[in-house]
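A.B. asks: sequence isn't available, so here's the structure alone:
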């Protein structure tokens, strides 16, 4: 109701802002990740993108953090940084010990500005990731719910490959055998993150193992 020109009722009382809805994450298998790591592209540009993507898959960071990394972020063979997205909720640094393969990637580059890798814009990075996956014939079919139509669609992996696939793969390959607190300390997820919890849902491999063990 209005009293003259003054509102006495809050017009937003019944308005609810919906939380972000997360679907089941699409991830690479370990064999797919290692295949890509060993893949030799015929294109120098895509070879560099492969190195950036694989390094991201070995450290599990978001792309916004990835492109800010410098040599100074590595101490005692451990990548240490403060994830930008969760800085307000989580003041602890992410600490990721570098694997042998991650270190091998970094040894290829010695950039004058101190950057770890030859970064490019986020848009070009995602564009070239799809090109790389197509060249490598990474075409395993995956199913997802289209966020616009809310209908199921089946696509080859190279059509859905983005920078975030690297981060999802890092978490996916750890989640069965490593405590969530350990993974979170490396991935930079805030405590209670819904995006993080979805990795602990039952995955295809677990379902397949159950059928093979008890019904086959």
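C.D. replies: Yep, it's here. Keep in mind that what you see is a predicted model, and the values were worked out from it rather than measured. Residues are numbered from 1 along each chain as shown.

A.B. asks: what number of residues lie near residue 46?
C.D. replies: Neighbour count of residue 46, defined by other Cβ atoms under 10 Å: 20. Placement of C-beta: from N, CA and C, glycine included.

A.B. asks: quick one: it and residue 131 touch, right?
C.D. replies: Yes: counting by Cβ atoms under 8 Å, residue 46 touches residue 131, with 6.0 Å between them.

A.B. asks: tell me how far residue 115 lies from residue 176.
C.D. replies: Distance, residue 115 to residue 176, using Cβ to Cβ, to the nearest Å: 34 Å.

A.B. asks: what of residue 38?
C.D. replies: According to Cβ to Cβ, residue 38 stands 24 Å off from residue 176.

A.B. asks: so where's the longest helix in this structure?
C.D. replies: Looking across the chain with DSSP state H, the single longest helix is helix 44-59.

A.B. asks: what residues of that helix count as buried?
C.D. replies: Across helix 44-59, burial judged by 16 or more other Cβ atoms under 10 Å covers 46, 48-59.

A.B. asks: against which helices or strands is the helix or strand just after it packed?
C.D. replies: Per DSSP states H and E, the first helix or strand lying C-terminal to helix 44-59 is helix 63-66. With contacts defined as 3 or more Cβ pairs under 8 Å, 6 or more residues apart in numbering; DSSP states H and E, the packing partners of helix 63-66 are helix 44-59, helix 122-135, helix 163-174.
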